[in-house]
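A.B. asks: got a predicted model here, sequence first, then my questions.
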Amino acid sequence: MKHIVGWISVVLLVVTLASIWMLTEQNVEQTSSLSESTARAVEGQSVSVQPETAGETQAGDAVGDAGSTTATVHPDPFAPVRLWMGANIRRVAHTVEFFFVGLFASATVACLGECLPCARFRYVLALLFCDVCSVGDQVHKIFVPGRHFDMIDLGFDAAGYVVAMLLVLLAAALVQRATFPIGAHAKRR
């Protein structure tokens, strides 16, 4: 089962990297259009208006005479987060993209790492792999008209893959503990 998960992770890693490549290949107009439409979708959900009854119109918090209609505006507690995400959608996208790179790279080494000549350092190799992919993505941008290498994106990329790798390390430790409880004298491979 462990090897199946490992090979599925390899396939998903390749698909993720191919998707990042295709997004990086977009010219300035295409990437701006995608970012703007995504930002509008994220920001557009910042306020939720709920009418008090089905027949009422959305009139804000105004209350008039007995014949008027009322509606309650329920502020979204996540509105500031959504507005920040909308304004920084490209940065957030880098974090999400590279979260999946880190997730699949570390899942691959967790499941198939025994095959590596230096299995002891498999997570370091996965981290280096993610670093190389992140820098490679930025170098790729240099060759796309209108795009440029952005050092800040490297930090957002790292935030994504480091968090993913920590989650995989935690999951691997929990699986190992469940398989080999503390104090057990089972021989490990």
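C.D. replies: Yes, it's here.
A.B. asks: helix or strand with the lowest mean pLDDT in this protein?
C.D. replies: Across the helices and strands of the chain, mean pLDDT, DSSP states H and E gives its lowest value to strand 47-51, namely a mean of 43.
A.B. asks: all helices for the protein, in order.
C.D. replies: 2-24, 28-43, 79-87, 89-112, 122-142, 151-179 (DSSP state H).
A.B. asks: include mean pLDDT when you put those into CSV, please.
C.D. replies: As requested, the helices of the chain are exported to CSV (pLDDT from 0 to 100):
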stretch, mean pLDDT
helix 2-24, 94
helix 28-43, 84
helix 79-87, 73
helix 89-112, 93
helix 122-142, 95
helix 151-179, 92
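A.B. asks: can I get those helices in CSV including mean neighbour count?
C.D. replies: Quick note: C-beta positions are derived from backbone N, CA and C, even for glycine. Formatted as CSV, these follow (neighbours: other C-beta atoms under 10 Å):
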stretch, mean neighbour count
helix 2-24, 14
helix 28-43, 14
helix 79-87, 15
helix 89-112, 22
helix 122-142, 17
helix 151-179, 16
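A.B. asks: spatially central residue in the protein, please.
C.D. replies: Against the mean C-alpha coordinate of the chain, by C-alpha atoms, centre = their mean, the closest residue is residue 96 at 2.0 Å.
A.B. asks: for it, which residues are in contact?
C.D. replies: Shown in contact with residue 96 (C-beta atoms under 8 Å, 6 or more residues apart in numbering): residue 160.
A.B. asks: ok, now how distant is it from residue 36?
C.D. replies: From residue 96 over to residue 36 the distance is 17 Å, taken as C-beta to C-beta, to the nearest Å.
A.B. asks: same question, residue 133
C.D. replies: In terms of C-beta to C-beta, residue 133 sits 26 Å off from residue 36.
A.B. asks: for residue 23, same thing?
C.D. replies: Residue 23 is 15 Å from residue 36, where distance means C-beta to C-beta.
A.B. asks: repeat that for residue 135.
C.D. replies: Taking C-beta to C-beta, one finds residue 135 at 27 Å from residue 36.
A.B. asks: what do you get for residue 86?
C.D. replies: Taken as C-beta to C-beta, the span from residue 86 to residue 36 is 9 Å.
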